[in-house]
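> Provided below for reference: sequence and predicted model.
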Amino acid sequence: MTAPPPDLRPGDRSTITVAGDRPYDVVVGPGVRQELALLPQTVLAGATRAAVVHTASTAALAGEAVALLQSSGLAAEAVVVPDGEAAKTAEVAAGLWTELGRLGHTRTDAVVGVGGGAVTDLAGFVAATWLRGVRVVQVPTSLLGMVDAAVGGKTGINTEAGKNLVGAFHPPVAVLVDTDTLDGLPDPEFRSGLAEVVKCGFIADDAILDLLAADPTGRRATTELITRAIQVKADAVGEDLYDTGRREFLNYGHTLGHAIEKAEDFGWRHGEAVAVGLVFAAELGVAAGRLPRADADRHRELVGAMGLPVSYAGDFDRLRAAMAVDKKSRGAALRFVVLDGLGAPGILTDPDEAWLRTAWAAVEATP
Ligand SMILES: NC(=O)c1ccc[n+]([C@@H]2O[C@H](COP(=O)([O-])OP(=O)(O)OC[C@H]3O[C@@H](n4cnc5c(N)ncnc54)[C@H](O)[C@@H]3O)[C@@H](O)[C@H]2O)c1
Ligand SMILES: O=C(O)C(=O)C[C@@H](O)[C@H](O)[C@H](O)COP(=O)(O)O
Ligand SMILES: [Zn+2]
């Protein structure tokens, strides 16, 4: 089980360091976005310009970010992009490259993402590709962005063929998780973020499962849940940035989840699709003889109690075709993350068709 950082007390500021060739800090707490003003003296040393990428929903926070960066001497400008998955397109990325060119951004300048996971994925991707890589600071404002998307350096956009199929590994130089920014986040978005939190519980930290069982809204222990989920992610990413081993376990529930997002033309929230994917993956683990039935039942009960979907009405053959282009696939073989017990993730390669059908039957919504 992952222990919370020693300096964590409710309401406090805590810091989680993500290890790697270029380690960086994820700072969590109320008001920590103000620390943007300090970064030009530290991780943004030498920068003269910053482009603050945001959507309409985070315009006020982006305006504040611009003012904070300007107060420390940077020429900072806000750049607005479309909301949600509509931001994660080649066209929007190309628009940002044009804007960085117009603003005269050089290799020492920086991109700052202020928004949900879609913004941080896009901002990270543009930073990874502009001049072959400039620094990016992430200021996630959705729960999902905080516990997952802004941490770990996976950046990307979607294509016709599916989710996140074009991207780069490009870790941020800092992540400021300001828990105050959650105040304006709509409940369904908060719940969507909780899907990634409970995922971390299933793969690595049963204290998360206990906290969510005691309060399935996740509102009573939000800071502890955020910190624990980030710690699970940091542990995996610090060891395996490039997704060739331990990091793959963070993809638990995502094989079917991404296929559902695509089938729904990105009309479902990421966490909602992952929620069904978690229940499916647990059922697949049972069908494969790896996960005890009681543990799969715990998935369904907990995810359902959190108000997230546990079933889906769709065409399995279509979903299967989408799963075949999942980034975990190798050649023609499907690969899934499954559990050998709570907190014990592993890989299942090329599952029997019968196991897939059994797991699908367990999540298929009946009219
Ligand atoms: N890179 C990664 O490792 C990683 C991990 C998980 C998810 N993701 C990606 O993240 C995306 C999902 O992120 P998301 O759930 O944050 O979606 P999102 O970015 O679309 O944000 C959800 C909604 O909340 C709004 N919003 C965000 N912050 C707000 C605030 N403080 N107040 C009011 N509204 C606010 C947004 O405008 C949007 O409408 C997906 O594209 C997913 O693929 C990436
Ligand atoms: O960081 C990771 O690695 C993850 O798998 C975390 C996921 O929650 C996240 O949705 C990620 O973007 C999915 O990665 P992908 O490579 O399957 O697109
Ligand atoms: Zn995810």
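Perfect, I can see it now. Ligands and ions are numbered 1, 2, ... in the order given.
> mean confidence for the longest strand belonging to the chain?
Secondary structure assigned by DSSP state E gives strand 162-169 as the longest strand of the chain. In this model, strand 162-169 carries a mean pLDDT of 94.
> Give the full set of residues in contact with the residue of the stretch 201-350 of the chain found nearest ligand 1.
Distances from the stretch 201-350 of the chain to ligand 1, computed as C-beta to the nearest ligand atom, single out His270 as the nearest residue at 4.1 Å. Quick note: C-beta positions are derived from backbone N, CA and C, even for glycine. Contacts for His270 (C-beta atoms under 8 Å, 6 or more residues apart in numbering) come out as Gly117, Leu144, Ser192, Ala195, Gly257, Glu261.
> Likewise for Leu69?
Leu36, Ala37, Leu39, Pro40, Ala50, Val52, Ala76, Val112.
> And the pLDDT at the last one?
As summarised for this prediction, Val112 has a pLDDT of 99.
> try the first one
Confidence at Leu36, expressed as pLDDT, is 98.
> what does the stretch 201-350 of the chain put close to ligand 2?
Within the stretch 201-350 of the chain, the positions adjacent to ligand 2 are Asp243, Arg247, Leu250, Asn251, His254, Lys327 by C-beta under 6 Å from any ligand atom.
> Please identify the helix or strand for the spatially closest residue to Gly152 that is not a sequence neighbour.
Residue nearest to Gly152 in three dimensions, not counting chain neighbours: Val237, with 4.2 Å by C-beta to C-beta, 6 or more residues apart in numbering. If you go by DSSP states H and E, Val237 is part of helix 222-239.
> Report all helices and strands that that helix contacts.
strand 14-18, strand 24-29, helix 187-204, helix 206-214 (3 or more C-beta pairs under 8 Å, 6 or more residues apart in numbering; DSSP states H and E).
> and the gap between Phe316 and Thr255?
13 Å (C-beta to C-beta, to the nearest Å).
> cool, and Asn164?
Distance from Asn164 to Thr255, counting by C-beta to C-beta: 13 Å.
> Confirm Val79 sits in a strand?
Yes: checked against DSSP: H, G, I helix; E, B strand; the rest coil, Val79 lies within a strand.
> In the sheet, which residues pair with it? Tell me.
Per DSSP bridges, the residues bridged to Val79 are Val53.
> Could you list the low-pLDDT ranges of the stretch 251-367 of the chain?
By pLDDT under 70, the low-scoring segments of the stretch 251-367 of the chain are 367.
> can you map out the helices along it?
Taking DSSP state H, counting those that start in this stretch, the helices of the stretch 251-367 of the chain run over residues 254-263, 270-287, 293-305, 316-323, 353-363.
> ok and the third one relative to helix 270-287, angle-wise?
Between the axes of helix 293-305 and helix 270-287, defined by axes from the mean of the first three to the mean of the last three C-alpha atoms, to 10 degrees, the angle is 160 degrees.
> can you give me the offset of helix 293-305 from its chain's centre?
22 Å (C-alpha atoms, centre = their mean, to the nearest Å).
> Not counting its own residues, what contacts that helix?
By C-beta under 8 Å, 6+ apart, helix 293-305 touches 195, 198, 202, 209, 212-213, 216, 275, 278-279, 282-283, 285-286, 310, 339, 341-342.
> Narrow those residues to those that are buried.
The neighbour-count test (16 or more other C-beta atoms under 10 Å) marks 195, 198, 202, 209, 212, 216, 275, 278-279, 282-283, 285-286, 310, 339, 342 as buried among the contacts of helix 293-305.
> Count the residues that sit near the residue nearest to Glu239 when sequence neighbours are not counted.
The shortest distance from Glu239 to any non-neighbouring residue, by C-beta to C-beta, 6+ apart, is to Arg246 (5.2 Å). When neighbours are defined as other C-beta atoms under 10 Å, Arg246 has 15 of them.
> quick revisit: which of the residues of the stretch 201-350 of the chain next to ligand 2 are buried, as a PyMOL select command?
To isolate the buried members of these in PyMOL, using 16+ other C-beta under 10 Å:
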select buried, resi 243+247+250+251+254+327
